[in-house]
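*Asks:* Coordinates for the following, if possible.
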Amino acid sequence: MDEQFTLLGVFAHPDDELSMGGCLVRYALQGVRCIVACATRGDGPDAQSSDPAITTREALGRARLEELACSCRTLGIAPPLLLGWQDGELDTLDLEEAAGAVARLLRDVRPQVVVTHGPEGGYGHPDHIAVSRVVTRAWELAGDPAHEEPAKLYYTAIPRSILQHSPQLAQRRADIRGAQLPFRGVADEAITTVVDIAAVQARKDAARACHRTQFQPAPDGQPRGFFSDLPEEMRRRLLSHERFVLARTRGLTPAVPETGLFDGLPAPRTSHLAQGRDL
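*Replies:* Next up is the predicted model:
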């Protein structure tokens, strides 16, 4: 058994790691080995730079990988892994072949907890939906007693109640393959896990600033995100927690609701982390 917990996030594009950026900071500070694997370089046909002066269209993929590496350094986690698939084409991958590749990654990294996009893709993004399907299938394939098996699989989630409190977010549309995609949100009652990240929220904001080709500065100089136009008090309240759906478990009887991604897991051997409770 590993001597420390390992948390692996698998996402479609550079900047998607920020959907759990606070958890990455929080758990890394507690001694958890935190790793992000990114499916693409983020340079597909819909990708654009927030500022053409930063990079050319031809160099966008390289710039976004550098931004992802900057984000991971800022979050205090390991350098990112790249799966090497093409942005904008993830829904054309053969499911079993792609899932097999990710299952091999799981066996190599040996995470206890895996996090990925929800099946709704946040706002119906085809790449997000495809990665959710691939990682879910990979989690099933990685259930081999001969290897260190991942115990929990989570989906990132934006609760629908946040959309109700944020008309700006509810009205926002993402232009993907010519379609205007709205945020869908997840039913609040489906959310199983809410993690308090208030103490590390500033580090998450700093990591967002690494993604210069994706987020223009707001009037206060901070990188503009989906919640930038909200009143500050509401923004702090909404962003002080990250929310997840516990999608799969192995060898556990989960007790939901949870306040941490490692709830219910026995501490790894020789770890200083307390057994069976949130970090």
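*Asks:* now what about stretch 77-93, what contacts it?
*Replies:* 10, 12-13, 17, 24-25, 28, 33-47, 61, 65, 68-69, 72-73, 98, 101-102, 105, 126-127, 129-131, 134, 177 (C-beta atoms under 8 Å, 6 or more residues apart in numbering). (Glycine included, C-beta is placed from N, CA and C.)
*Asks:* mind running it again at 7 Å?
*Replies:* 12-13, 24, 28, 33-47, 65, 68-69, 72, 101, 126-127, 129-131, 134 (C-beta atoms under 7 Å, 6 or more residues apart in numbering).
*Asks:* Pull out the buried residues from these.
*Replies:* With neighbours counted by 16 or more other C-beta atoms under 10 Å, these contain buried members at 12-13, 24, 28, 33-44, 47, 65, 68, 72, 126-127, 129-131, 134.
*Asks:* Now, those residues that are in strands?
*Replies:* Within the buried ones among the contacts of stretch 77-93, residues falling in strands by DSSP state E are 33-38.
*Asks:* Could you export those as JSON lines, including distance to residue 111 and pLDDT?
*Replies:* Shown next, in JSON lines, are those (distance: C-beta to C-beta, whole Å; pLDDT from 0 to 100):
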{"residue": "33", "distance to residue 111": "8", "pLDDT": "97"}
{"residue": "34", "distance to residue 111": "9", "pLDDT": "98"}
{"residue": "35", "distance to residue 111": "7", "pLDDT": "98"}
{"residue": "36", "distance to residue 111": "11", "pLDDT": "98"}
{"residue": "37", "distance to residue 111": "10", "pLDDT": "98"}
{"residue": "38", "distance to residue 111": "15", "pLDDT": "98"}
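*Asks:* Could you save these as TSV and add columns showing distance to residue 154?
*Replies:* Converted to TSV, these look like this (distance: C-beta to C-beta, whole Å):
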residue	distance to residue 154
33	17
34	14
35	15
36	14
37	15
38	17
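*Asks:* got the buried residues for stretch 89-97?
*Replies:* 90, 93.
*Asks:* Can you give me the end-to-end span of it?
*Replies:* 15 Å (C-alpha to C-alpha, to the nearest Å).
*Asks:* Contacts only, for residue 13.
*Replies:* When contacts are counted by C-beta under 7 Å, 6+ apart, residue 13 touches 38, 40, 42, 87, 127.
*Asks:* Near the residue nearest to residue 129 when sequence neighbours are not counted, how many residues? Count them for me, please.
*Replies:* Excluding the flanking residues, the one nearest residue 129 by C-beta to C-beta, 6 or more residues apart in numbering is residue 121, at 4.0 Å. Here the count is done by other C-beta atoms under 10 Å, and residue 121 has 20 residues near it.
*Asks:* Give me the distance between residue 121 and residue 12.
*Replies:* 9 Å (C-beta to C-beta, to the nearest Å).
*Asks:* Name the residues contacting each of these two.
*Replies:* Jointly contacting residue 121 and residue 12 under the rule C-beta under 7 Å, 6+ apart are residue 128.
*Asks:* remind me, longest strand of the protein?
*Replies:* Max-length strand for the chain by DSSP E is strand 241-249.
*Asks:* Show me which positions of that strand end up buried.
*Replies:* Residues 241-248 are the ones in strand 241-249 that count as buried (16+ other C-beta under 10 Å).
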